[in-house]
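Engineer: A predicted structure for the sequence below; I have some questions about it.
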Amino acid sequence: MTVTRQSFQFADRIPSTPSIGSTTVTSPDHVHLSFGFAAPHLFPIEQLNEAATEAITSSGRQALQYSGAGGQGKIRQWIQSRSAVHGMHVKEDELLVTYGSTQGIDLAINVLVNPGDHVWVEAPSFFSALQSLRIAGAKLTSFPIDNDGVKVELIEQALLEAERSKAPLPKLLYIMPTFHNPGGVTLSVERRIRLAELAQRYNFFIIEDDAYMELNFTGEQLPTLYSLCPERVIYLNTFSKIIAPGLRLGWALAQKEVIQKMKLLMLGGSVGVFTQEILAQLLERIDFEDHLGQLKAYYKNNRDIMVDATRQHFGSDVTFHLPQGGFFIWLAFNPGVNTTELLPLAASKGVSFVGGRSFYIGQDGLHYARVCFSYCNGEQITRGIRALAEAYKEWKSGTVQIG
C-alpha cells in the first residue's frame, strides 16, 4: 500500500530566509575571516580547569541542581560591580543573567514587540537581531550609519514626520552603539545624549547591544545609553567576548518591570547554574583588568595587521572606518561590486568573509564585506586578505574560475 504524505504546515513565524552563519569549510588551510569568534588561545584554560574542579568539589551536588549554588549570587554581584565602573548602577531586581547576549536580544524583542509593531534599526545591523525581529513580525525601518554611528538626526526627522502625519511611532530601536557589528563605528557622545532624549520624548525603548564595549583600544569611556536613560533602555552584554563564548552567559539590565517580564519567557528557570558556578570561581582567580589588557593588546595588534594588509593588497579599491575596538572591519567596495558573487570565488582561494547583504533589511549592502580580525592569527590574516584581494581582482577582470 502506497501512502501519500501530505505537506505539513509549520508555524508562520518561522522565517523563510535561512539563518546567517559562517563558512562550513573545514580545510585546515582555510582562513576564516568570516568567524566573529574570540581568539581561542586567550581563553583562561588553566584557571577554568581549576574553577571547574573547585565548583565540583566544593558545591557540586548543590550546583548541579536546578537552583544551583552560590555562584549565581557572585556572578550577579560581579555584573553589578562591573556595570558601576561604566556608570550603570543597578539593583538586584534590575539584572537578568541570560544565555549570551543573543538570548537577551530575543527576550527583549518578545517582551516589547507585537506583530505589526514598528521597529527601527541601523543600516547595517546585526543579522541575528534582524532575524529575531522578523520572527516577531515587526515592521522594520533602517537608518544609515557613518563614522560617528547611526545618524540620529535622520531618526529625529522621521519621528517628527511620523508625529506630524499621525503615522505609527516606533516601539523599539535596536542599536549597537560601541564598536558596531559589522560597521566597527562608535556612536558619538552628542548622538547618544540626543538619542536618549528622543526615547524619553517619543516613548520608545532602546535595546543597547554592547557586546564589544570592553574591547576598547583607546581607553576612552563613553556613557552608555542605559546610564543616560535607564527607564527606556534594555542594556545587553556578554561574557562571550571577554572570557569565552562556549560559556553561553550574558546579562541584561533594565527597569524592574521589564526584567520581570523577560523572566516570564525563560521557561527553564535559571540559566546555566553550574556554568555560573564555574565562572564565579574563575572570576575570583584572575585579575580581570590584566586579562582584559591581554585581550585588547592582541586584538589591537591583529587589527593593525589587517589594516596594513588591506591597504597593501586593495589600495583605493576599498574604504573602511578604523575601528577603535571590537572584532570587525567593514569593507566598502565601489557600488558596482557584488560581494555575494565574490563569496564562492574567495572560498575557492581559501578565505571566507560575510557578505554585506546579510546585515540589511532590504536589498542593500551588496558592495560591503565584513572581515573579522579576532579569530585568526597575524599570518592567517595577511594570507586571507591577500587571497580575498586576488579573488576580487579576478572577479573585477571578468576572468572568474572556480573549481
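Structural biologist: Cool, got the structure.
Engineer: biggest helix in the chain, by residue count?
Structural biologist: Determined from DSSP state H, the single longest helix within the chain is helix 288-314.
Engineer: how far out from the middle of the chain is that one?
Structural biologist: The chain centroid and the centroid of helix 288-314 are separated by 18 Å under C-alpha atoms, centre = their mean, to the nearest Å.
Engineer: what's whatever helix or strand comes next after that helix packed up against?
Structural biologist: For helix 288-314, the following helix or strand on the C-terminal side (DSSP states H and E) is strand 328-332. When contacts are defined as 3 or more C-beta pairs under 8 Å, 6 or more residues apart in numbering; DSSP states H and E, strand 328-332 packs onto helix 288-314, strand 368-372. In this view, the C-beta of every residue, glycine as well, is placed from N, C-alpha and C.
Engineer: need the winner for burial among these.
Structural biologist: When the helices and strands packed on strand 328-332 are scored by mean count of other C-beta atoms under 10 Å, the highest mean neighbour count falls to strand 368-372 (a mean of 26).
Engineer: average model confidence for it?
Structural biologist: When pLDDT is averaged over strand 368-372, the result is 98.
Engineer: any chance you could map the strands in the stretch 51-200 of the chain?
Structural biologist: For the stretch 51-200 of the chain, the strands defined by DSSP state E, counting those that start in this stretch cover 95-98, 118-123, 139-146, 149-150, 172-175.
Engineer: got the angle for the longest one vs strand 328-332?
Structural biologist: For strand 139-146 against strand 328-332, the angle between stretch directions is 90 degrees (axes from the mean of the first three to the mean of the last three C-alpha atoms, to 10 degrees).
Engineer: which other helices and strands does strand 139-146 contact?
Structural biologist: strand 118-123, helix 127-135, helix 152-165.
Engineer: closest one to residue 364 among the ones you listed?
Structural biologist: Comparing those against residue 364 with C-beta to C-beta, the closest turns out to be strand 118-123 (6.7 Å).
Engineer: so what touches the closest one?
Structural biologist: With C-beta atoms under 8 Å, 6 or more residues apart in numbering as the test, strand 118-123 has contacts from 109, 113, 129-130, 133, 138-145, 150, 155, 158, 168-176, 180, 183, 359-361, 364-365.
Engineer: so which of the helices and strands packed on strand 139-146 is nearest residue 80?
Structural biologist: In this view, these are compared for proximity to residue 80 by C-beta to C-beta, and helix 127-135 is the closest at 25.4 Å.
Engineer: if we can go back for a sec, most tightly packed of the strands of the stretch 51-200 of the chain?
Structural biologist: Between the strands of the stretch 51-200 of the chain, strand 172-175 has the highest mean count of neighbours, a mean of 26, where neighbours are mean count of other C-beta under 10 Å.
Engineer: need the contact partners of that one.
Structural biologist: 105, 109, 112-113, 117, 119-122, 125-126, 129, 133, 138, 150, 155, 187, 195, 199, 204-209, 225.
Engineer: how about stretch 257-275?
Structural biologist: With C-beta under 8 Å, 6+ apart as the criterion, stretch 257-275 contacts 55, 63-69, 71-72, 93-99, 104, 107-108, 110-111, 234, 247-249, 252, 254, 276.
Engineer: picking that back up, next, format the helices and strands packed on strand 139-146 as JSON lines and append mean pLDDT and distance to residue 351.
Structural biologist: Output for these, formatted as JSON lines (pLDDT from 0 to 100; distance: least, C-beta to C-beta, whole Å):
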{"stretch": "strand 118-123", "mean pLDDT": "98", "distance to residue 351": "26"}
{"stretch": "helix 127-135", "mean pLDDT": "96", "distance to residue 351": "20"}
{"stretch": "helix 152-165", "mean pLDDT": "98", "distance to residue 351": "35"}
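Engineer: could the ones you listed be laid out in a markdown table, adding distance to residue 11?
Structural biologist: Converted to a markdown table, the helices and strands packed on strand 139-146 look like this (distance: least, C-beta to C-beta, whole Å):
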| stretch | distance to residue 11 |
| --- | --- |
| strand 118-123 | 20 |
| helix 127-135 | 10 |
| helix 152-165 | 31 |
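Engineer: between these, which one is closest to residue 306.
Structural biologist: Closest of the helices and strands packed on strand 139-146 to residue 306 is helix 127-135, at 21.1 Å (criterion: C-beta to C-beta).
Engineer: pretty sure residue 180 sits against residue 209.
Structural biologist: No: the pair formed by residue 180 and residue 209 falls short of the contact definition of C-beta atoms under 8 Å, at 9.3 Å.
Engineer: for ChimeraX, write the select line for the buried members of the contacts of stretch 257-275.
Structural biologist: Selection of the buried residues among the contacts of stretch 257-275 in ChimeraX, burial being defined by 16 or more other C-beta atoms under 10 Å:
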select :55,63,68,69,71,72,94,95,96,97,98,99,104,107,108,110,111,234,247,248,249,252,254,276
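Engineer: show me the domain layout of this structure.
Structural biologist: What automatic domain parsing lists as the domains of the chain is 31-44+289-397, 45-285.
Engineer: can I get the ones you listed in a markdown table including distance to residue 10?
Structural biologist: Rendered in a markdown table, the data for the domains of the chain read as follows (distance: least, C-beta to C-beta, whole Å):
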| stretch | distance to residue 10 |
| --- | --- |
| domain 31-44+289-397 | 23 |
| domain 45-285 | 12 |
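Engineer: where in the stretch 301-403 of the chain is pLDDT low?
Structural biologist: When the per-residue scores of the stretch 301-403 of the chain are filtered using pLDDT under 70, the ranges that remain are 399-403.
Engineer: same thing but at 50, please
Structural biologist: Low-confidence regions of the stretch 301-403 of the chain, defined by pLDDT under 50, span residues 403.
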